[in-house]
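In: kindly return the folded structure for what I paste below:
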Amino acid sequence: MNDIRVIKKYPNRRLYDTNVSRYITLEEVRQLVLSNVRFRVEDKRTKEDITRSILLQVISEQEEGGNPIFSSELLTHIIRFYGDPMQPSISRYLEMSLQLFLQQQTHFSEQLKELLGQAQQPVQRLKDLAERQVPIWRTVRKEFLKNLSRAKAVTVGREKGGTDFDAG
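Out: This is a model prediction of the structure:
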């Protein structure tokens, strides 16, 4: 059985999901992506694979929606790489960077789940963790204030005509 869902784009620009036998919207295509459903969009007349084009439309719709991922500066840089000899390298670099980011995000989520555990309430676990950190923060604050006092003494000593060695 073919596990790739086929969506056909008709000349009237509508998308037809052959799996559910109905027309779908770009938002529904986005939901397929979020649900990790494998699909292919093909032009009804030419049978050409136009999945990339539809995914770009989904991204464009999301970018217009208020909280974009791509800044104008980033898009400008990307546009400049089209036709550049480095274009294939940049494409691969961005793909690998995103894969690494996703792996790190998964790893962090797993560590957080492990830290929070299943036995206690997550809020209680975070509270316990914070309480264990208090002595460390007190030590850091104490050292910071001590160093700040020394720096102030050095500054005051300089203003009075002394040397840096007068404060120590």
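In: which other residues reach stretch 74-93?
Out: F70 (C-beta atoms under 8 Å, 6 or more residues apart in numbering). All C-beta spots, glycine's among them, are computed from the backbone N, C-alpha and C.
In: just the element for the spatially most central residue of the chain, please.
Out: Here the mean C-alpha position of the chain is nearest to the C-alpha of F101 (C-alpha atoms, centre = their mean), at a distance of 7.2 Å. Taking DSSP states H and E as the definition, one finds F101 inside helix 87-116.
In: all helices of this structure, in order?
Out: For the chain, the helices defined by DSSP state H cover 26-34, 51-64, 72-81, 87-116, 122-159.
In: so which of these gets nearest D17?
Out: D17 sits nearest to helix 26-34 of all the helices of the chain, at 7.5 Å, using C-beta to C-beta.
In: which parts of the closest one are buried?
Out: Within helix 26-34, the residues scored as buried using 16 or more other C-beta atoms under 10 Å are L26, V29, R30, L32.
In: now the closest residue to F70 other than its chain neighbours: how far from L75?
Out: Counting by C-beta to C-beta, 6 or more residues apart in numbering, E63 is the residue found nearest to F70 once chain neighbours are left out, at 6.1 Å. To L75, E63 is 9 Å away according to C-beta to C-beta, to the nearest Å.
In: what of L56?
Out: For L56, the distance to L75 under the criterion C-beta to C-beta works out to 12 Å.
In: helix or strand with the lowest mean pLDDT in the protein?
Out: Counting by mean pLDDT, DSSP states H and E, the weakest-scoring helix or strand in the chain turns out to be helix 122-159, with a mean of 74.
In: got the domain ranges for the protein?
Out: Dividing the chain into domains by automatic domain parsing, as the record does, gives the ranges 1-70, 109-166.
In: from those domains, which stretch is densest packed?
Out: domain 1-70 (a mean of 13; mean count of other C-beta atoms under 10 Å).
In: from the chain's centre, how far out does that domain sit?
Out: For domain 1-70, the distance between its averaged C-alpha position and the chain's averaged C-alpha position is 22 Å (C-alpha atoms, centre = their mean, to the nearest Å).
In: and if you look at stretch 80-91?
Out: Worked out by C-alpha atoms, centre = their mean, stretch 80-91 lies 23 Å from the chain centre.
In: what's the first-to-last distance across that stretch?
Out: From its first residue to its last, stretch 80-91 covers 12 Å (C-alpha to C-alpha, to the nearest Å).
In: pretty sure I54 sits against V29.
Out: Yes. In this structure, I54 sits in contact with V29. The criterion is C-beta atoms under 8 Å, and the distance is 6.1 Å.
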